[in-house]
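J.: mind looking at a prediction? Sequence and model below.
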Amino acid sequence: QVQLAESGGGLVQAGGSLTLTCAASVPRKYMVGWFRQAPGKDREFLVAIAASGTTTTFADSVKGRFRTSRDNDRNMVYLQMNDLTPEDTAIYYCAASNTGYLHYYAKDYGWWGQGTQVTVRG
């Protein structure tokens, strides 16, 4: 059974850092993505990481500030977020896809966590 659960959200000051964790009980061949959704906005792609963990792709909005990694032995995927701004305030989700490709669209992910709130205070 595929299950994902995010943790690590919270309140942080602008310019600060936060690391989110996704407990991803997924087959090792699945790729994992991170998304976020701010109030009144569509769900936004942030980053995808391949099954091996060696290949990633980032949205321009977070490139250079966010990093991702995965530990397949522990079934964990991490999103390290640096230099946060109030515009990063949103609910953050991890999601999984059972294909080998790095997907940018939410519709291509079949499994989702419940989300974790990140609030950046300016």
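T.: Everything's here; your move.
J.: so Glu87, which of the three states?
T.: Of the three states, Glu87 takes helix under DSSP: H, G, I helix; E, B strand; the rest coil.
J.: what sits closest to it if chain neighbours are left out?
T.: Val120 (7.7 Å; CB to CB, 6 or more residues apart in numbering). Backbone N, C-alpha and C define where each C-beta goes, glycine included.
J.: so that neighbour sits right up against Met81, yeah?
T.: No - counting by CB atoms under 8 Å, Met81 is not a contact partner of Val120; they are 9.2 Å apart.
J.: quick one: secondary structure of the residue nearest to Glu87?
T.: Per three-state DSSP, Val120 ends up strand.
J.: looking at the chain, which helix or strand is least sure?
T.: strand 56-58 (a mean of 94; mean pLDDT, DSSP states H and E).
J.: and it, what does it pack against?
T.: The helices and strands touching strand 56-58, judged by 3 or more CB pairs under 8 Å, 6 or more residues apart in numbering; DSSP states H and E, are strand 44-49.
J.: average pLDDT for the strand it packs on, rounded please.
T.: In this model, strand 44-49 has an average pLDDT of 97.
J.: strand partners (parallel or antiparallel) of it?
T.: Pairing partners of strand 44-49, with direction, according to DSSP bridges: strand 31-37 (antiparallel), strand 56-58 (antiparallel).
J.: so which of these comes closest to Cys94?
T.: Closest approach to Cys94 among the strands paired with strand 44-49 (CB to CB): strand 31-37, 5.6 Å.
J.: so how far is that closest one from its chain's centroid?
T.: 4 Å (CA atoms, centre = their mean, to the nearest Å).
J.: would you mark the buried spots in it?
T.: 31-36 (16 or more other CB atoms under 10 Å).
J.: check stretch 57-76 too.
T.: 57-59, 62, 66, 68, 70.
J.: starting at the chain centroid, how far to that stretch?
T.: 7 Å.
J.: measure that stretch end to end?
T.: Taking CA to CA, to the nearest Å, the first and last residues of stretch 57-76 lie 18 Å apart.
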